[in-house]
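Participant: Show me the folded form of this:
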Amino acid sequence: MRIHFIAIGGAAMHNLALAVAAKPGYVVTGSDDEIFDPALSHLREAGLLPEKMGWDSSRITNDIDAIILGMHAREDNPELIRARELGIRIYSFPEYLYEQTKDKTRIVVGGSHGKTTTTAMILYVLQRLGIETDYMVGAQIEGFDRMVRLSDTAKYAVFEGDEYLTSPLDRRSKFLWYKPHVAILTGVAWDHINVFPTWESYQDTFRRFAETVENTLIYYAGDETLRLIARENQDRITCLPYEAYKGNVKMQVFGQHNMQNLQAASMACQQIGIAPDDFYREIASFTGASNRLEKIAEHGDFAVYKDFAHSPSKLKATIGAVREKYPTRRLIACMELHTFSSLMADFLPQYKDCMKDADEALVYYNPHVIEHKHLTAISTVDVQQAFGTDNLTVYTDSQHLRSDLQQKDYRNSVLLMMSSGTFDGIDIRQLAQTLTPQ
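Facilitator: Numbering: from 1, shown residues only. Purely as a prediction, here's the structure:
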């Protein structure tokens, strides 16, 4: 079976390519116009790195059995056009995952926040219990070689369910493909304004996801939207509410949002026969998914954490968790406006008060990125007013930000760095090693 990946360099796409290539009898090729680390190194090590960057229709031949199309490709991609001319079967990323797992019991974790960690918790426990599982998760997990696994032998498949678009040819949310037997919804907080221009349209895609659930929907009881969705589906499927875990098992992860994630993961595992005692015994050693409240340095009474948080709800939850863990330390929270939504002037007001629990809040954005995305320009005053708190400093120069961070007094402090990007090239781990209490 020969599979060609168009836009192989994406985080999810290159991990799927690695997973498919690991299956007996499969030959994988791919293309992209640019590939960066870690995908570059991973593909090179596996012998899957394209010989040259760019698109080339001559790569698409009749002996290819299927194309997997990444979101990064455009509809006028010459390789895609050629594949359609030849009548080759074209899959999106989520469509292919479903095709490979349609005879398995599928657990899907969706929501605006917490889905990566909740998925990781389920997978961690299943692995510790020796239960073979196919999976797709949006971060690296301790003990797992890659972020995607597909097999012919696993009875279960656990997917992180993303509400973003499926592909250039399919403008529906990815998670609408998976048809889960068991689904978790962690919460709904408006995001991806470029795809869902209104709060109502964003809610609607979660409503449609719930309609695809085959047996059980596990939902966070504190979310009004999810309570409405559960009521709409309770006559068709089993709907189970959850709140934060309040047990006595000591955990490596912390924060109210992680206790909610923990309870949801436990309930999902119960649906496939895992006893709560077994779940909590194994999850006690779970340290978290990569870039999710990950401690990267500690010097005496000073600690540095990094987190993927970028949306308002994620910022609130992450800052709240660190504040709860270190109530007597000075909390310096630094975030980057990096996603399409976060850089839109119309979306900025959603950030009001989301960093107010930090003693000092720093926000960075790059005006050139806004220009590159053809968005309306925003000013530092716009950002300051949108966040609406006096503890905020706004930066538009990453080197200025780095310099200021290096000059702070970090005695009895915690530094929290939050972004889905890189602060335009700041190596947070390297920076953390240079920061010590004065």
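Participant: what are the ranges of the helices in the stretch 51-200 of the chain?
Facilitator: Secondary structure of the stretch 51-200 of the chain (DSSP state H, counting those that start in this stretch): helices at 78-86, 93-101, 115-128, 199-212.
Participant: Check which helices and strands the last one is in contact with.
Facilitator: When you say that, I think you mean helix 199-212. In terms of contacts (3 or more C-beta pairs under 8 Å, 6 or more residues apart in numbering; DSSP states H and E), helix 199-212 is packed against strand 170-173, strand 182-185, helix 224-233. (C-beta placed from N, C-alpha, C; glycine too.)
Participant: mind giving me TSV with these and columns for distance to residue 78 and mean pLDDT?
Facilitator: Below are these laid out as TSV (distance: least, C-beta to C-beta, whole Å; pLDDT from 0 to 100):
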stretch	distance to residue 78	mean pLDDT
strand 170-173	20	93
strand 182-185	38	98
helix 224-233	42	98
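Participant: which of those sits most buried?
Facilitator: Most buried of those, by mean neighbour count (mean count of other C-beta atoms under 10 Å): strand 182-185, with a mean of 29.
Participant: ok, back up a step: could you say which one of the helices and strands packed on helix 199-212 comes nearest to residue 271?
Facilitator: Residue 271 lies closest, by C-beta to C-beta, to one member of the helices and strands packed on helix 199-212: strand 182-185, at 4.6 Å.
Participant: what comes into contact with that closest one?
Facilitator: 105-111, 115, 118, 161, 206, 209-210, 213, 215-220, 223, 226, 229, 264-265, 267-268, 271-272 (C-beta atoms under 8 Å, 6 or more residues apart in numbering).
Participant: Type out the ChimeraX command that picks the buried ones from the residues you listed.
Facilitator: The ChimeraX command for the buried members of the contacts of strand 182-185 (criterion: 16 or more other C-beta atoms under 10 Å) is given here:
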select :105,106,107,108,109,110,111,115,118,161,206,209,210,213,216,217,218,219,220,223,226,229,264,265,267,268,271,272
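Participant: The one helix or strand residue 29 maps to pairs with which strands, and in what direction?
Facilitator: If you go by DSSP states H and E, residue 29 is part of strand 27-31. Here strand 27-31 is paired, per DSSP bridges, with strand 2-6 (parallel).
Participant: and the direction of the strand it pairs with versus that of helix 93-101, what angle?
Facilitator: In terms of direction (axes from the mean of the first three to the mean of the last three C-alpha atoms, to 10 degrees), strand 2-6 departs from helix 93-101 by 160 degrees.
Participant: Going toward the C-terminus from strand 2-6, what's the next helix or strand?
Facilitator: The helix or strand immediately downstream of strand 2-6 is helix 11-21, counting by DSSP H and E.
Participant: And the contacts of that following helix?
Facilitator: For helix 11-21, contacts defined as C-beta under 8 Å, 6+ apart pick out 3, 5, 7-8, 26-28, 30, 35, 39, 42-43, 46, 48, 68, 70, 72, 93, 96-97, 136, 138, 146-150.
Participant: Apply 7 Å and report the result again.
Facilitator: 3, 5, 7-8, 26, 28, 30, 39, 42-43, 46, 48, 68, 70, 93, 146-150 (C-beta atoms under 7 Å, 6 or more residues apart in numbering).
Participant: Stretch 80-95 now?
Facilitator: Contact with stretch 80-95 is made by 6, 12-13, 16, 57, 60, 62, 64, 66-70, 73, 99, 166-167, 170, 174, 177-178, as judged by C-beta under 7 Å, 6+ apart.
Participant: low pLDDT regions in this structure?
Facilitator: Filtered on pLDDT under 70, the chain yields the residue ranges 438.
Participant: how close does the spatially most central residue of it sit to residue 354?
Facilitator: Nearest residue to the geometric centre of the chain (C-alpha atoms, centre = their mean): residue 138, 4.8 Å. Here the criterion is C-beta to C-beta, to the nearest Å. By it, residue 138 lies 22 Å from residue 354.
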